[in-house]
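Undergrad: my questions concern the predicted model and sequence given below.
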Amino acid sequence: MKAGDPMKKPVLSLAAVFFAWTFVLFACSAPLAPINVDADGVALKGYDAVAYFTMGKPVKGQKKYQFEWRNAKWLFSSSEHLVLFQKDPTHYAPQYGGY
């Protein structure tokens, strides 16, 4: 290709799209870390994962506000926190499975 070649920009754009999709596919195929659970299968030792974001402190969850996600039981201190977690669990769950 010569400088000023009209095909230069489309080829570079296609290459950028190809590399972006390759990255997305690789990221999506990476295995998820297992969730750290106790003997009863409860994550975070029963603490409310959403409370860290909304209240800024650890709050014990209650069994009546329970949700199962990724083979772990998640407990919440309120129905509002349960709903928030159900809508976007990856936002509230700890990184690296809570290890």
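TA: Received it, and whenever you're ready, just let me know what you need.
Undergrad: show me where this protein has strands.
TA: 62-69, 72-76 (DSSP state E).
Undergrad: so which elements touch the last one?
TA: Under the contact definition 3 or more C-beta pairs under 8 Å, 6 or more residues apart in numbering; DSSP states H and E, strand 72-76 sits against strand 62-69, helix 79-87. For every residue, glycine as well, the C-beta is placed using N, CA and C.
Undergrad: now do it: everything it contacts.
TA: By C-beta atoms under 8 Å, 6 or more residues apart in numbering, the residues outside strand 72-76 that reach it are 35, 37, 40-44, 46-51, 60-63, 65-68, 82, 85, 89, 93.
Undergrad: if we can go back for a sec, let's have the helices and strands packed on strand 72-76 in a markdown table, adding mean neighbour count, mean pLDDT and distance to Gly97.
TA: A markdown table is the format used below for these (neighbours: other C-beta atoms under 10 Å; pLDDT from 0 to 100; distance: least, C-beta to C-beta, whole Å):
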| stretch | mean neighbour count | mean pLDDT | distance to Gly97 |
| --- | --- | --- | --- |
| strand 62-69 | 14 | 98 | 12 |
| helix 79-87 | 16 | 98 | 16 |
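Undergrad: minimum distance to Tyr99: which of these has it?
TA: strand 62-69 (16.6 Å; C-beta to C-beta).
Undergrad: how much space between Tyr47 and Gln62?
TA: 11 Å (C-beta to C-beta, to the nearest Å).
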